[in-house]
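Asks: Make a model of this:
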Amino acid sequence: MLKTSAFLTAGLICFGAAAHAETVTLELRNGDKLHGELIEADTNDSTIVLDHPVLGRLSIPRTALVPPPQHKPWKLSLSGGLSGSNTDDDFDSGATGQLKVSYTEGANEVVLQGRAEYDVSRDKGESKASTDTNEGDAELRYTRSLGNRLNAYAATRFSYDTLNKIGTDTILGSIGLGYDLFQNDSTRVRVSLGPSMQSTWGGTGCAADPVCGQAYAAGSARAELQWNPNSALRLNVTNTYTGAFSDGIKTNNVFSVGLKIFPMGNERLFTSLNGQLIYNELQTPRINNSVSMQVGVQLD
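Replies: Numbers count the residues shown, from 1 in each chain. Okay, here's the model as predicted:
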């Protein structure tokens, strides 16, 4: 009975060791790759011990391996586009640009991003060009990780549209908590919720509007999808809803999508398609939609 128990215990230990053995792939500086089970008990800061299925036990100095990529806390993305046409003496031209700067270190992440768009036109018979579009926005967002999925954030967003009759400028400040519903190497779905303050001002009709120029308490909810399936494609979709408490709840919803394509596969030069849908009950007009194609560069 004692021998049976001893054999059973030894078998369980061997089974547990085999079940927890980690299969790894090591890339050497000369380009070779080794596949095998990592022997953690004998691996240290200078040597990795591997159980190779053909070569058996191998002791590999860490200096012989390709070093892991260094973490670069700063990232910069800059893109822009130009447009122009002249048909039957009708002239149209425009420019658009986007900037995104991010800093990530440990549990902290800071993101600053901005967008601007300007378009002019002159129809046949007109002596002067008129402005069709003059708008943009900027957002500063700080996020601190509180665990594997939970995080806290503080954000400020400023947007402008000089052609609005009521509410040419809007500022929104918010704090709260976020949670990652799903996350892996290529995909992240994050939601966040918190109290906020919103103020809208400016425009030819602002003085006569009882809401324009005031600051109101509000609540904000945000959902964001980041999808990077490979080195040639990146997709970012964000929807931010804000309800300002002014004679009921006044809705401000911003939906934006950005698709980046890296045709050279080097994650530097890219072409992007950007769209934004805005509905704000504190402004006139309430709806503002924009679409643009741009070329840009990403640096880190």
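Asks: In contact with residue 267, which residues?
Replies: 231, 298 (C-beta atoms under 8 Å, 6 or more residues apart in numbering). For every residue, glycine as well, the C-beta is placed using N, CA and C.
Asks: in a helix, that's where it is, yeah?
Replies: No - the assignment for residue 267, made by DSSP: H, G, I helix; E, B strand; the rest coil, is coil rather than a helix.
Asks: Residue numbering should commence at 2 henceforth.
Replies: Yep, numbering from 2; the last one is residue 268 now.
Asks: That one and residue 246, how far apart?
Replies: 44 Å (C-beta to C-beta, to the nearest Å).
Asks: Residue 219: neighbouring residues, count only.
Replies: A total of 22 residues lie near residue 219 under the criterion other C-beta atoms under 10 Å.
Asks: That one and residue 246 touch, don't they?
Replies: Yes - counting by C-beta atoms under 8 Å, residue 219 does reach residue 246; the two are 6.4 Å apart.
Asks: Now do the shared contacts for the two.
Replies: Common neighbours of residue 219 and residue 246, using C-beta under 8 Å, 6+ apart, do not exist here.
Asks: Is residue 225 bridged to anything, and to what?
Replies: Counting by DSSP bridges, residue 225 forms beta bridges with residue 191, residue 239.
Asks: any idea how far residue 275 is from it?
Replies: 15 Å.
Asks: bridging residues for residue 135?
Replies: Beta-bridge partners of residue 135, as defined by DSSP bridges: residue 119.
Asks: How about the one 5 residues further on?
Replies: Per DSSP bridges, residues listed as beta-bridge partners of residue 140: residue 114, residue 158.
Asks: check contacts around it.
Replies: Residue 140 neighbours (C-beta under 8 Å, 6+ apart): 112-115, 156-159.
Asks: go on, residue 94?
Replies: Residue 94 touches 83-86, 120-122, counting by C-beta under 8 Å, 6+ apart.
Asks: Now flag whichever of these is closest to residue 250.
Replies: Residue 250 lies nearest to residue 120 out of these, by C-beta to C-beta, at 33.1 Å.
Asks: show me the contacts for that closest one.
Replies: So residue 120 contacts 84, 93-96, 132-135 (C-beta under 8 Å, 6+ apart).
Asks: Tell me how many other residues crowd the closest residue to residue 105 other than its chain neighbours.
Replies: Nearest residue to residue 105 in three dimensions, chain neighbours excluded: residue 74, at 5.5 Å (C-beta to C-beta, 6 or more residues apart in numbering). By other C-beta under 10 Å, 13 other residues sit near residue 74.
Asks: Check what pLDDT residue 74 gets.
Replies: Looking at residue 74, its pLDDT stands at 92.
Asks: my read: it touches residue 102, true?
Replies: No - using C-beta under 8 Å, residue 74 is not in contact with residue 102, being 11.2 Å away.
Asks: List the residues that contact the residue nearest to residue 105.
Replies: Residues near residue 74 by C-beta under 8 Å, 6+ apart: 104-106.
Asks: ditto for residue 76
Replies: By C-beta under 8 Å, 6+ apart, the neighbours of residue 76 are 101-105, 299-301.
Asks: Show me which of these are buried.
Replies: 101-103, 299 (16 or more other C-beta atoms under 10 Å).
Asks: Quick one: mean pLDDT over stretch 178-191.
Replies: Stretch 178-191 comes out at a mean pLDDT of 94.
Asks: quick one: contacts of that stretch?
Replies: With C-beta under 8 Å, 6+ apart, stretch 178-191 has contacts from 144, 149-154, 192-195, 223-231.
Asks: Please, a ChimeraX command that selects the buried ones among the contacts of residue 140?
Replies: Of the contacts of residue 140, the buried ones can be selected in ChimeraX as follows, counting by 16+ other C-beta under 10 Å:
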select :112,114,156,157,158
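Asks: hang on, the earlier thing: how far away is the residue nearest to residue 105 from residue 227?
Replies: Distance, residue 74 to residue 227, by C-beta to C-beta: 18 Å.
Asks: Could you do residue 272 as well?
Replies: The separation that residue 272 has from residue 227, given C-beta to C-beta, amounts to 19 Å.
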